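Participant: take this sequence and fold it.
(2 chains)
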Amino acid sequence: MTIQSEDNAVETVLVVEHEVMVRLAISEYLRHCGYRVIEAISAEEAITVLSSDDITVEVIFSAAELGEGMNGFALSKWVRDHKTGIEVILAGTAEKSAHEASDLCEEGPHLKKPYEPSQVVDWIKRLRNLKRPK
Amino acid sequence: MATVLVVEDEIFLRYTLAEWVRMRGNEVFEAASGDEAQTVLSTVLGIDLVVTDVQMPGTLDGLQLTRNLHATRPQIPVIIVSGLPLRADAESAGAAAFYPKPYNLEELAARIAELIAQRGPSRGQPANVGNG
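Facilitator: Okay, here's the model as predicted:
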């Protein structure tokens, strides 16, 4: 099974997660669901990908907390300021995420860790369906 | 289908190589450092082959990762890729092959397929890879 947009291209999800086993698990699940997945360990790596003219990303699925450097909220803000048409889904622990979000005036995470992988797919489908013309 | 672990800190190289190997019917796990690779090898069953860069952030470079793996799980072949002239170091660490960067993806993929065919895909135990 592959997830295809209306122009028949496989949709690409950029997974941003600094914990390798979490990143591996969700990436494999999304590939199994038919998405093309690019794995980034940090917001900085994600921005490197997003700045490339050779790769088109439809959805970013990012942890809210990303270790050192930019967090998921800052990445979300960067995307909003620099890119159009890319959906961002954040996942994080509620308490820490709320604190980090308040610093950046972003809304809280969409998914609370630990989440079911199927919840990620549901979010991606929901966001993509909202964007498509009726 | 074999399971390949690609260890590379440069995201475009990691993504490109991983996708290339996936397109040839393999399952591929990605690690961005030797430390991440160690975590994957200690957790995931049945890694059939490892392709690793040498210079990466963290406590474990590709040569040490190869030495550790060669000592604990010698049946898992390791291919080392590097921009540095480290063929002799790679061989002494126990690597099955060394490819200087920039490498030819077709050649590297062919070597991966060859080593997997020699070994035969299997589902083993997690590798006990230490820092020493």
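
Participant: please make it C-alpha for all contacts and neighbour counts, starting now.
Facilitator: Fine.

Participant: which residues of the chain fall in strands?
Facilitator: Using chain A here. A:12-16, A:36-40, A:59-63, A:87-92, A:111-112 (DSSP state E).

Participant: oops, chain B please
Facilitator: B:3-7, B:27-31, B:49-52, B:78-82, B:97-100.

Participant: what is the burial count for the residue in chain A positioned nearest to chain B?
Facilitator: Nearest residue of chain A to chain B, counting by CA to the nearest CA: A:Val20, 6.2 Å away. Residues within reach of A:Val20, counting by other CA atoms under 10 Å in any protein chain shown, total 21.

Participant: tell me who's in contact with it.
Facilitator: A:41, B:31, B:36, B:39-40 (CA atoms under 8 Å, 6 or more residues apart in numbering or on different chains).

Participant: between these, which is closest to A:Ser76?
Facilitator: A:Ile41 (15.2 Å; CA to CA).

Participant: pLDDT below threshold where in chain A?
Facilitator: Counting by pLDDT under 70, chain A contains low-confidence ranges at A:1-9, A:94-109, A:130-134.

Participant: list the contacts of A:Gly72.
Facilitator: Neighbours of A:Gly72 in contact, by CA under 8 Å, 6+ apart: A:43, A:62-66, A:90.

Participant: would you turn the strands of chain A into a markdown table with mean neighbour count?
Facilitator: Shown next, in a markdown table, are these (neighbours: other CA atoms under 10 Å in any protein chain shown):
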| stretch | mean neighbour count |
| --- | --- |
| strand A:12-16 | 24 |
| strand A:36-40 | 25 |
| strand A:59-63 | 26 |
| strand A:87-92 | 22 |
| strand A:111-112 | 18 |
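
Participant: out of these, flag the one nearest B:Val81.
Facilitator: Per CA to CA, nearest to B:Val81 of those: strand A:36-40, 20.0 Å.

Participant: for the residue lying closest to B:Pro100 once chain neighbours are set aside, give me its contacts.
Facilitator: Of all residues not flanking B:Pro100 in the chain, B:Ser82 sits nearest, at 5.1 Å (CA to CA, 6 or more residues apart in numbering or on different chains). Neighbouring residues of B:Ser82 by CA under 8 Å, 6+ apart: B:53-55, B:98-101.

Participant: in CSV, list the strands of chain A along with distance to B:Leu45.
Facilitator: Putting these into CSV (distance: least, CA to CA, whole Å) gives the following:
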stretch, distance to B:Leu45
strand A:12-16, 23
strand A:36-40, 21
strand A:59-63, 25
strand A:87-92, 27
strand A:111-112, 28
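
Participant: identify the residues contacting the most centrally placed residue in chain A.
Facilitator: Nearest to the geometric centre of chain A sits A:Phe61, at 1.5 Å (CA atoms, centre = their mean). Applying CA under 8 Å, 6+ apart, we find A:Phe61 in contact with A:13-16, A:88-91, A:120.

Participant: could you rerun that using 6 Å?
Facilitator: A:15, A:89-90 (CA atoms under 6 Å, 6 or more residues apart in numbering or on different chains).

Participant: tell me the spacing between B:Pro102 and B:Leu108.
Facilitator: 11 Å (CA to CA, to the nearest Å).

Participant: er, A:His110 actually
Facilitator: For A:His110 relative to B:Leu108 (CA to CA), the value is 40 Å.

Participant: more neighbours: which of those two?
Facilitator: B:Leu108 (20 against 16).

Participant: mind listing the residues bridging to the closest residue to the more buried one other than its chain neighbours?
Facilitator: Closest residue to B:Leu108 apart from its sequence neighbours, by CA to CA, 6+ apart: B:Tyr99 at 7.6 Å. Judged by DSSP bridges, the bridge partners of B:Tyr99 are B:Val81.
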